[in-house]
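1. This is the structure alone, sequence omitted:
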């Protein structure tokens, strides 16, 4: 158990819908990262938040957005869902995210299936 | 462009065999290197990491990896695998930023 929690574990929805994935970082960690794991793209970085502010952006679609709240939990919002958005979405956290020599600890993931 | 490549897509071996998984990256600057493992149905777990110092690093579950800067490589090794090592293994690198760039992963199947 890494200490990072994610809800829900599984999500089944229809095309065009909107979903919210939730992540709670390890106690004391200020940085949260979101990654997408799909069969065709592999594991890809989406976005990073540090202490409530967006720090880095990766291959995140405009239909996707995220935020980090004052209690440091984070939500990833996926809208206008398409079949290709079906994937495993991981959240990771690290202590600071301001030094490059940090370890990211991963949550169990949310498996999204868009029908 | 910065990238991470893992040479083997799928490795099948018998228990007690030795395992070596290759990982190369393309970047001439300072990197931080990681190996993560994903057991079936589970999340990514850190096996080991290299930031600086001794290029031979030891991780959990008997795994070790060697950083060879001149070859841009960070290969993972285990002298004697067990059935429980069946999993997918990912090499990951942070280049001059904070995000992890992952290789495509290597599926390791250990036959009892």
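-> Nice, thanks for sending it over. Please read all numbers here as calculations on a predicted model, not as lab measurements.
2. Could you say which helix or strand holds the residue most central in space within chain A?
-> By C-alpha atoms, centre = their mean, the mean C-alpha position of chain A lies nearest to residue A:34, the distance being 3.0 Å. Under the criterion of DSSP states H and E, residue A:34 resides in strand A:31-38.
3. and the helix or strand following that strand with chain B, contact?
-> Using DSSP H and E, the next helix or strand after strand A:31-38 towards the C-terminus is strand A:42-50. Yes. Applying C-beta under 8 Å from any C-beta of the partner chain, one finds strand A:42-50 in contact with chain B at A:42-45, A:48. In this view, the C-beta of every residue, glycine as well, is placed from N, C-alpha and C.
4. Please list the residues outside strand A:42-50 that contact it.
-> Residues from elsewhere that reach strand A:42-50, judged by C-beta atoms under 8 Å, 6 or more residues apart in numbering or on different chains: A:30-38, A:54-60, A:64, A:66-68, A:74, A:76, A:90, A:96-98, B:90, B:92, B:98-105.
5. Can you mark which positions in that strand are buried?
-> Judged by neighbour count (16 or more other C-beta atoms under 10 Å in any protein chain shown), strand A:42-50 contains these buried residues: A:42-50.
6. follow-up on the earlier one: next, the angle strand A:42-50 makes with the strand holding residue A:34.
-> 160 degrees (axes from the mean of the first three to the mean of the last three C-alpha atoms, to 10 degrees).
7. Now do the buried residues in strand A:31-38.
-> Neighbour counts over strand A:31-38 (16+ other C-beta under 10 Å) mark A:31-37 as buried.
8. count of residues packed around the closest residue to residue B:67 other than its chain neighbours?
-> In space, and not counting its chain neighbours, residue B:67 is closest to residue B:55: 4.1 Å by C-beta to C-beta, 6 or more residues apart in numbering or on different chains. With neighbours defined by other C-beta atoms under 10 Å in any protein chain shown, the count for residue B:55 comes to 13.
9. Residue B:55 contacts residue B:71, doesn't it?
-> No. Contact between residue B:55 and residue B:71 fails when scored by C-beta atoms under 8 Å: they sit 11.0 Å apart.
10. Farthest-apart pair in the buried residues of strand A:31-38, please.
-> Greatest spatial distance among those (C-beta to C-beta): A:31 and A:37, at 19.4 Å.
11. quick one: the strands in chain A?
-> In chain A, the strands defined using DSSP state E lie at A:5-7, A:10-13, A:19-24, A:31-38, A:42-50, A:53-57, A:64-68, A:74-78, A:87-94, A:105-106, A:110-114.
12. Would you reformat these as JSON lines and include distance to residue B:15?
-> Formatted as JSON lines, the strands of chain A follow (distance: least, C-beta to C-beta, whole Å):
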{"stretch": "strand A:5-7", "distance to residue B:15": "33"}
{"stretch": "strand A:10-13", "distance to residue B:15": "33"}
{"stretch": "strand A:19-24", "distance to residue B:15": "37"}
{"stretch": "strand A:31-38", "distance to residue B:15": "28"}
{"stretch": "strand A:42-50", "distance to residue B:15": "28"}
{"stretch": "strand A:53-57", "distance to residue B:15": "42"}
{"stretch": "strand A:64-68", "distance to residue B:15": "43"}
{"stretch": "strand A:74-78", "distance to residue B:15": "40"}
{"stretch": "strand A:87-94", "distance to residue B:15": "29"}
{"stretch": "strand A:105-106", "distance to residue B:15": "28"}
{"stretch": "strand A:110-114", "distance to residue B:15": "30"}
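13. Just tell me which of those strands ends up closest to residue B:64.
-> When these are compared by C-beta to C-beta, strand A:105-106 sits nearest residue B:64, at 20.9 Å.
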